[in-house]
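[1] Model the following, please.
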Amino acid sequence: MKTNLLLGAVFAGALLAAPVAAQESTTWNWKGTLGNGRTVYLRNVNGAVRFEQGSGNTVEVRAEKRWRRGDPDDVRIEARQGANGGDIIICAFWNERATCDEDGYHSSNNNNNRWNDRNDVSVHFVVRIPANARVVAGTVNGEMVVDGTSGDVDASTVNGDVEARSTQGRVEATTVNGSITVRTSMKNSEDLKYSTVNGSITIEMEEGANADVDLSTVNGRVSSDFPLTIDGRINPRKIRAKMGSGGARLRASTVNGSIRLRKL
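    Sure, this is the predicted structure:
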């Protein structure tokens with residue numbers, strides 16, 4: 001009996017000590033020319049995305065596939081000039097029949113664009129962009145970082161944080177499980193929206209920004225570096241107010257997290 005117990009303990013220990021499959025990776029690179037002030041579109045499903053400032057009017061893409069048990073050949077990456085000749089579209093696909101364009105993913109089968117958890121391949125993008133590029137980018141599982149541009153930004157993920165900053169443009173951002181930090185301009189008349197469920201929201205703006213703000217949280221608090229003229233009753237978790245002279249509406253909402261308007 002003691003021998004059997006000993007053998008059982010040794011066998012269990014061997015299972016616990018069995019090494020986890022090492023992560024493997026491979027890289028993919030692409031370069032293209034972006035029209036002045038045009039848009040870089042990026043669509044990803046599983047993996048983080050980062051935009052950085054490049055040089056001139058060149059877009060440089062570096063994509064790294066990472067996996068432990070999946071097949072990297074099942075995931076393809078494409079980059080091309082858009083139909084209008086000036087924009088650039090970058091996509092990662094987990095199904096051979098899927099396509100994408102400026103409007104998003106397309107497929108004859110709604111399941112074709114979904115990441116298959118039996119294939120753990122992830123694609124992590126680093127994209128260097130011109131200083132005046134517009135960016136429209138989304139992923140599902142991974143953080144999203146957009147920096148180094150003066151153009152407009154629309155950034156989204158589902159599971160991950162979003163950090164998106166523009167020196168002159170308007171910035172919108174959404175996630176579900178993650179926090180949002182943005183730097184945006186309020187110099188035009190277009191409304192802005194930020195939303196998450198599990199995470200905080202920080203919105204950075206220059207002094208003198210004007211907006212009508214609508215901020216709400218369930219489990220958190222709202223704070224502002226800017227003077228606000230409250231519309232209605234004071235509620236620390238739901239504020240409708242005028243910032244400066246008012247203007248475009250700025251909406252931010254979360255369930256579990258705080259919201260802050262930060263002055264640059």
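[2] CA only for contacts and neighbour counts going forward, please
    Fine.
[3] what about the stretch 1-150 of the chain, any weak spots by pLDDT?
    Low-confidence segments of the stretch 1-150 of the chain (pLDDT under 70): 1-21, 83-85, 108-118.
[4] What's the separation between the residue nearest in space to the middle of the chain and residue 195?
    For the chain, the residue nearest the mean C-alpha position is residue 144 (3.0 Å; Cα atoms, centre = their mean). Distance, residue 144 to residue 195, by Cα to Cα, to the nearest Å: 14 Å.
[5] now residue 47
    21 Å.
[6] what does residue 240 give?
    16 Å.
[7] now do residue 95
    From residue 95 over to residue 195 the distance is 29 Å, taken as Cα to Cα.
[8] between the two, which one's more packed in?
    residue 195 (23 against 17; other Cα atoms under 10 Å).
[9] Surely residue 150 is in contact with residue 167?
    Yes. If you go by Cα atoms under 8 Å, residue 150 and residue 167 touch, sitting 4.7 Å apart.
[10] what residues are up against residue 86?
    When contacts are counted by Cα atoms under 8 Å, 6 or more residues apart in numbering, residue 86 touches 33-36, 38-39.
[11] doesn't residue 119 make contact with residue 69?
    Yes. Using Cα under 8 Å, residue 69 is in contact with residue 119, at 6.9 Å.
[12] In what element of secondary structure is residue 86 found?
    Of the helices and strands defined by DSSP states H and E, none includes residue 86.
[13] thinking again about what came up before, the residue nearest to the centre of the chain and residue 201: what is the separation?
    Distance from residue 144 to residue 201, by Cα to Cα: 14 Å.
[14] can you pull out the helices in the chain?
    2-17 (DSSP state H).
[15] can you list the domain ranges for it.
    Using automatic domain parsing, the domains assigned to the chain come out as 27-152, 186-264.
[16] Would you map the strands across the stretch 51-200 of the chain?
    For the stretch 51-200 of the chain, applying DSSP state E, counting those that start in this stretch gives strands covering 58-67, 76-81, 88-93, 99-101, 104-106, 122-129, 134-138, 144-149, 153-156, 162-166, 171-174, 180-183, 192-195.
[17] Sheet partners, orientation included, of the fifth one?
    Taking DSSP bridges as the criterion, strand 104-106 sits next to strand 99-101 (antiparallel) in its sheet.
[18] How far away from the center of its chain is the partner strand?
    With Cα atoms, centre = their mean, to the nearest Å as the basis, strand 99-101 stands 18 Å off its chain's centre.
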